[in-house]
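Peer 1: Predicted model and sequence below, questions to follow.
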Amino acid sequence: MAVSPKGLSIQSLYRDYRSGSLVVNRQYQRKLVWTVDEKKRLIESILLNYPIPLILLAEKKAEGPDGQDTIEVIDGMQRLNAIFSFIEHGFTVNDLCFDVNEFARARQANEEGLFNIFGMDVKRLSPKICSDFLDYQMAVTSFSGEDDKRITDIFGRINSGGKQLSDQERRQAGVLSEFAELVRELGAELRGDVSKERLALHDMPEISIENQKNPHGYNLKAEEIFWCQQGILRTGDLRDSDDEEMIIDICASILLSGPVDGTRVYRDNLYNVDHADAKDIAKRLTAYGKEKIAAEVKLVFSALRTVVEESNGETNHFRKVVYPTATSNAQKSPFYAVFMTFFDLIIKESMFPDDSKKIMSCLNNLTNKIEVGQKQTKAEDRRTNINISKGLVRDQFVKKDMAAFQHGPGVILDFENSISRAKTETSRYEFKQGFLRLDDSRKMDENILKTIIETVCAIANVGPDANGYLYIGIADKDTHATRIAELDGVVPVRVRHVNVVGVEREATILGKSLDDYVRLLTDHIGQSGLMEPLKTMMATSIDSITYKGLEIIRVRIPAQTNMSFLGDDAFFRTGSETKKATGPQIAAIAEKFR
């Protein structure tokens, strides 16, 4: 493995950053976690021309004909983010900000709307200081990144003794076991920061978390994430990945058919691939099925979240119920007991929550009824806790059809994560508010079904490695949501960057049932020139889901093994736009499927 130490200017690295060449691999990289003060100290060191720690990069060749060579950040992500955030007016240092007008590439990015700048009341650094800042030579070591296992091993060795890493971050560094992957992926799904595995560094703020005390302009707010919103964890706990420790305990308990010790030692064992506990959990995970347990955990989490939120929409409602006395302490033990109660009743006994308010009332003062350890909880105590919790709420659960549940409360998490993915994977997602025009006529939009079929074809042509999704009943423009509220009297529900407006309002206007409304789309697909096998696959890829009382049509575009056509034409996506392909573009699309 050839290792090349060199110096790279901040100016040069920013070019790679904005072009999308600098990427991070979420398989091992932690979140953006530096505070604003930590970022400021780094910038001050650069402005003083002090040396800063080395940046380690792995150079990877392009995959596919339309791809680009990438540079994977192995060590230094927090530092690079701090530097680029300063250039793009994320914060000031000594009440001064970088002067974007002194850097053409940054000025262009600002003009394209990629970031906002401070007003002129904020003083700028002098042209000389800006120039020196951009010319600052970063100590960089790069090596060939074709061997993913070697990259992960290097990352693990660098971070194994990291003083600033939490217990869970230390465990996760350099571990590629199926169990570690399960925990990492579920962690992202339950928090809502899902994304593809490799992500451009400039997209990291979209899936990173900030709190009110340390705002960075990140997309996700810790106080709005269920773990913190309901007082189960504190914001500092979330930063330290304590949510993933909760998931470790939950998944291990499911695989072992009973509670496990809630200790650091046991969790460490599960991440030590040579330990007997890790080998045992690996065998059990293979037998149980990684996708099966992930689906079950998400379904139960969605159900529990729905009960809490339907019972009372206030912040910290879960904490206030299980521990009525005012406190800021995390409520990990009661949450574990309640989650495992819900898991046993829903997954093992096919019983589902009936009355959310009554369930939460039954859990009143739960913390004082169970055994709560300060830093660890024994398996036998946890078993007793679950039995107590189950005894309190069982009568409020009823037998119910699983299929119906999976289109309502059980699908909330998957739906919201799909919306999150759309921010960084725009070409695979499309949102339509409905079939009707938004003028006073409320007539059918003559082009909408044709446009939808073209979009389906284009999303199928993004590539063979993942499904795409089209949602009907979601407005991706605030002006459309406002207009729909005026016309149809619905109250839009904000989810991330879009507004859920539902489709029942349009079905009512058309005098149709929801099934007949959906049939408008399925019939049009059946009569279209969409090529096989995509057309036939689409017939079983359309369903409706209920989100907070609003019905949405979900169209899954299955990943294809060959390029798709609509009649004689092919379509492709550029970001969120659908375009008709020309001869050379058709050839480029076809190459993706070879």
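Peer 2: Okay, I see it. Being a predicted model, the structure only gives us computed values, none of them experimental.
Peer 1: Run through who's touching whatever helix or strand Ala507 lives in.
Peer 2: Per DSSP states H and E, Ala507 falls inside helix 504-510. Helix 504-510 is contacted by residues 434-436, 442, 444, 484, 488-490, 513-514, 516-517, 550-551 when judged by Cβ atoms under 8 Å, 6 or more residues apart in numbering. Any C-beta I mention is one placed from the backbone N, CA and C, and that applies to glycine too.
Peer 1: hey, which helix or strand in the chain has the poorest pLDDT?
Peer 2: None of the helices or strands of the chain scores lower by mean pLDDT, DSSP states H and E than helix 402-405, at a mean of 67.
Peer 1: Ile552 and Ser253, how far apart?
Peer 2: 33 Å (Cβ to Cβ, to the nearest Å).
Peer 1: Secondary structure element for the residue lying farthest from the centre of the chain, which one?
Peer 2: Going by Cα atoms, centre = their mean, the residue of the chain most distant from its centre is Lys128, 40.7 Å out. Using DSSP H and E, Lys128 maps to helix 127-135.
Peer 1: Quick check: mean pLDDT of that helix?
Peer 2: Averaged across helix 127-135, the pLDDT comes to 98.
Peer 1: If you count neighbours, what's buried in it?
Peer 2: Cys130, Phe133, Leu134 (16 or more other Cβ atoms under 10 Å).
Peer 1: again, but for stretch 554-573
Peer 2: Per 16+ other Cβ under 10 Å, stretch 554-573 contains these buried residues: 554-557, 559-560, 563-566, 570-573.
Peer 1: and what of stretch 431-441?
Peer 2: Judged by neighbour count (16+ other Cβ under 10 Å), stretch 431-441 contains these buried residues: Phe431, Lys432, Gln433, Gly434, Phe435, Leu436, Leu438.
Peer 1: Let me see the contact set for the residue nearest to the spatial centre of the chain.
Peer 2: In the chain, the residue lying closest to the centroid (Cα atoms, centre = their mean) is Val194, at 1.9 Å. By Cβ under 8 Å, 6+ apart, the contact set of Val194 is Ala188, Ile207, Asn417, Ser420, Arg421.
Peer 1: Can you flag which of those residues belong to helices?
Peer 2: Ala188, Asn417, Ser420, Arg421 (DSSP state H).
Peer 1: And the first one, what's its pLDDT?
Peer 2: The predicted local distance difference test score for Ala188 is 93.
Peer 1: How many neighbouring residues does the nearest residue to Ser356 once chain neighbours are set aside have?
Peer 2: Distances taken as Cβ to Cβ, 6 or more residues apart in numbering place Glu310 nearest to Ser356, at 3.9 Å, with adjacent residues excluded. For Glu310, the neighbour count with other Cβ atoms under 10 Å is 16.
Peer 1: From Gln585, how far off is Glu310?
Peer 2: 48 Å.
Peer 1: Check Ala485 too.
Peer 2: Distance from Ala485 to Gln585, by Cβ to Cβ: 39 Å.
Peer 1: same deal with Lys123?
Peer 2: From Lys123 to Gln585 the distance is 48 Å (Cβ to Cβ).
Peer 1: cool, His216 as well?
Peer 2: 38 Å.
Peer 1: quick one: which of the two has more around it?
Peer 2: More crowded of His216 and Gln585, by other Cβ under 10 Å: His216, with 20 against 15.
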